[in-house]
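Student: here is a sequence together with a model predicted from it:
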Amino acid sequence: MIFPIVFIVLRLLVAAFFLLTAVYGVLNCSPFAFDMFVRPQLFPWLAQFVAWHHVWFVGAYTASLVTIAPALRRQPPTRRGVRAFAMAYALVLGAASAWLLVHPYLPTLWSAGQGLPLALLSFVPILWLALIDHLSVRPAWLWRDRSGEATPASSILVACGRAAVFLWGMHLARAVNLGEQARSAAAWGLTGAWTLTLTAVTFAVVAAILGAVSGVAALSRAPRRAEYALVVLLAAAGIAEFFRRLVFPTLSLSPAESASVAAFLGVSAAATWSAFVLRRRVPADRQPTAIELFVSPLWSGERTGTALVAVIATAFFAQHLMARRDWDFVVQRLIVIVEWTAVFGVMMGASDSRRVRRWAGVPGIAAASAIALAALLGLPRAAIALAAWTRDPALEPSISLGRYATMESAFRLVGDTLVARRGFDDGYDRYLQRAADYSGPVSITIPSVQYAASPAPPDAQRPDVFVFVVDSLRRDYLSTFNPAVTFTPNFDRFAADGFAFRNAFTRHGGTELAMPSIWAGAAVVRKVVAPDFTHMNALEQLVNADRYRMAINEHTAADFLDPATRVTAIDAAVPNVDTDLCHNLTSLEGYLDASTADPAPVFGLFRPMNIHILNTMRGGQRSLDGDYPGFFAPYASRVRRLDGCFGGFISYLKQRGRYDRSIIIVTADHGDSLGEDGNWGHAVWLFPEIVRVPLLVHLPSVLKAAVTTDVGRLAFTTDIAPTLYALLGHTVRDLGPMFGAPLFVPSNAPLVDRRRESFLLTSSYGATFGLLRHNGRLLYVSDLTEWREYAYDLSDELAAAPLVVDDDLRRVSQRLIREKVAEAERFYRVSR
Amino acid sequence: MSSVRDAAPLLAPVAALCLFAAALPIALPAPRLGPSSEACLTLVDAPPQAGADALSALERCSAIAPHDAELLEDLGAAYEAAQAPARAETTYRQALALDPDAAGLRARLARLALARGDRKEARRQAEAALRLQPNRRALLDLLGVIDAASGAARP
């Protein structure tokens, strides 16, 4: 016999180990997740875990043996099966431990096809241990006592009602605290009505499900045992469904992979929790029902207030902690689920089933469900009427629901679940999901593309070229674009001396596609980074054709540059996530000084990660140097540092006489959300602050005098490659809407604008598609990850205004997105 | 009879679940902002050719979609073609308020201002266009014309 606390701690550690192994398997079976999290070594502790996995395995195995020690001892004849089962576990896992010590397996797994089997296998020990527990621990209240009753419906209803009111009040108070102070009374009133209705419907559904469980159990001869089994199954299904629908799609797992991993995870988690529950001591004078046993930490109604405060405080603290560290709200949603379950559990414990009338809750469940549903159906119409009456479009449900979601993850979760804001039809959603799915046997053909219609004339200028693609740099954190910014004087001087494109965008949210699109000067699709990418790698072709020497720090390029291309890797030893512009520039200056004898011009391309969300969130999200009112200080302070280093580099070029012999471009692969609508980072989104980028260009004075441009035109980072071709004297082909176009033309040549074209934007990592129209003033997004569509008016350069998505806008935009996606698939000959 | 009584507790929750399954997730009613605008939303892709029909289509659409700068620019051009420079200028200004970075609109306004003899306004608009399209030969030529007109106008 071991102490229960020791048992729980050891078992949790064992479960955590195998769960982490499964997570690593999942990350490996999703190319996106692998490239996003594993390859760049975003979490150094994960790399350590992998390296020492075999040792950890032995530790977990030993700990698990301690927890099943009682079952390994000699058993009475009736329980010999338990011992055999435990012995089998000890032998099989022992053999696995020995094998792993000799052949460490996890370090050999590198974006390989074994990711899924590993993930599934990792759940086996957890399930095995839970099964041993269930066979060896047979509490009398469950196995022998057939008199135990099913949970009365009235208890369930009362607990659900109390939980709904309590959670609504707490979360609304938190939303008021966090929300916009300038909201009107009507807006807050509507917020209260929406959130109350959504919370009430959620708990009405819970009451109906648990009422049905208890009703079915009541029909059996051992109601409590039947109810317990049903509740465990229900928990397993709920956990599996949560992960299948809300977690795994954000990691780009295929539906089959999601379903299988979610099923194993759900069963493992429910079985492990059940194993803990079975060990609870049940007082003889208070026989809790199976639902109470499974969900409630307390049975007596004592200390209910303390428990509720503890749950809410923990949940709110965890939400606060994760708000800026989360990936697509996954953890925050999980916190909400746990919090709501815990509050319901506390309320179940507080409602003594012996004091309520046995079937009083049955009509109550029906009535509560009908009232809650009626309120939910009626509220949108009332909101639309209120929006029309007050002439406040912010009250319109499609906008207001989104705003509530930004204030509270709980509202986001229930709102997304209970309200369909999408208007996807005619298979549009399936079409886009399929278009975004590059898992499995999807093949593409990289076309051979050349921007140059003719080589540059021999006497063409060949200035040095420096392209700085600052990962996640937002345009509104540069004083050139935002007068409120005071911390980027060097970028501002640089822009004033050259050209600042006011209306620049990336074609792709997320680095994975954004960087290849800059190299190719074209919108790309996933899987484009293949050996054949050299066929369309415009910048690489330019470097080779014009005999540049390439000096770069761009980790994504390692995957697709031709080995024959002459490349000097700057700061190659620095891991991707740690790349620092200041260090890059110091190294670059050293390289330039050391190679002055080399007559070949330099092509430099750098993608520093200084202000990537992974870095701004590190170290307690601290500013490097003080406060930045109105800005996110950890980000702004790093931008200030970048500005200083960049200014130093410009001074260096001027001192060396190279400045007027250089083309210098400053841009970003994408922007970032820094708290807008509660979003942090860029994940799978295409929000305005993510797709808008800065674009600053400096030209040698000779070139500058000979060309013209339109700094107000819609520009893309895919224009950089053709622009360089044009500036270096090549005649540039018009390759069509998938490609970029030169930003500069001879001063007497006609300028082509993009006011009448539509452009597809895609996420690098998820099924999110955007459409940019009207010279970049209208952004429409179909987000199949979150199942919502939204639109923005980007006329104001600093503040995007949400637009009401009416039927006409939706129809036109969906048609255009579909056409553009089909165009891209035709271009890359995508074959599924 | 007893089995019916036993099953009774099950009926209400199951009925409620059926209700939820049928109704959830609820679909928000599609907002209707005004008359159908689908045709107008695509007008920017293929503006109508000049003529009375085009003018009437553009006027109808600009009333439905008053925040479409391209539509307003097309409407202004249609007014110009219809020899209605004052209406054209008003419409261009509406478009410019929506898209202040549209150098083409500023050039159009500069020409209209010059035509009605307001050389100061013509120069202001042309210079603003030139800030957006530096070095552009067409704009430099326009400024030259404005300067020449100013010189001719001087006593």
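Tutor: Ah, there it is. Everything numeric in this text was worked out from a predicted model, so none of it was measured.

Student: and the strands in chain B?
Tutor: Using DSSP state E, the strands found in chain B span residues B:26-27.

Student: show me where it has helices.
Tutor: B:2-23, B:38-41, B:52-64, B:69-81, B:85-98, B:103-115, B:119-132, B:137-153 (DSSP state H).

Student: and the second one, what's buried?
Tutor: By neighbour count, with 16 or more other CB atoms under 10 Å in any protein chain shown as the criterion, the buried positions of helix B:38-41 are B:40-41. Heads up, the C-betas are built off the backbone N, CA and C, glycines and all.

Student: off-centre distance for that helix?
Tutor: Put simply, helix B:38-41 sits 11 Å off its chain's centre (CA atoms, centre = their mean, to the nearest Å).

Student: average model confidence for it?
Tutor: Model confidence over helix B:38-41, given as mean pLDDT, is 77.

Student: kindly report the same for the longest one.
Tutor: pLDDT averaged over helix B:2-23 equals 75, rounded to a whole number.

Student: need the pLDDT of residue 140.
Tutor: Went with chain A since none was named. pLDDT, the model's per-residue confidence, is 71 for residue A:140.

Student: that's the other chain; I wanted chain B
Tutor: Residue B:140 is assigned a pLDDT of 95 by the prediction.

Student: again with the one 10 residues further on
Tutor: Here, the pLDDT recorded for residue B:150 equals 76.

Student: quick one: low-confidence parts of chain B?
Tutor: In the predicted model, chain B carries pLDDT under 70 at residues B:1-8, B:30-36, B:50-52, B:152-155.

Student: quick check: which of the helices of chain B is nearest to residue A:116?
Tutor: helix B:2-23 (31.5 Å; CB to CB).

Student: need the helices of chain B in a markdown table (columns: distance to residue A:44).
Tutor: Formatted as a markdown table, the helices of chain B follow (distance: least, CB to CB, whole Å):
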| stretch | distance to residue A:44 |
| --- | --- |
| helix B:2-23 | 46 |
| helix B:38-41 | 50 |
| helix B:52-64 | 57 |
| helix B:69-81 | 50 |
| helix B:85-98 | 50 |
| helix B:103-115 | 50 |
| helix B:119-132 | 48 |
| helix B:137-153 | 55 |
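
Student: centroid residue for chain B?
Tutor: Taking CA atoms, centre = their mean, the centroid of chain B lies closest to residue B:68, which sits 0.8 Å from it.

Student: check contacts around that one.
Tutor: Taking CB atoms under 8 Å, 6 or more residues apart in numbering or on different chains as the contact definition, residue B:68 lies against A:774, B:40, B:44, B:61-62, B:98.

Student: could you find the closest non-adjacent residue to residue B:80?
Tutor: Leaving aside its chain neighbours, residue B:80 sits nearest to residue B:88 (4.3 Å; criterion: CB to CB, 6 or more residues apart in numbering or on different chains).

Student: which positions within stretch A:335-342 qualify as buried?
Tutor: Those would be A:335-336, A:339-342, for stretch A:335-342 by 16+ other CB under 10 Å.

Student: turn these into a markdown table, columns for pLDDT.
Tutor: Converted to a markdown table, the buried residues of stretch A:335-342 look like this (pLDDT from 0 to 100):
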| residue | pLDDT |
| --- | --- |
| A:335 | 93 |
| A:336 | 92 |
| A:339 | 93 |
| A:340 | 93 |
| A:341 | 93 |
| A:342 | 92 |
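
Student: next step: those restricted to helices.
Tutor: Per DSSP H, helices hold the following members of these: A:335-336, A:339-342.
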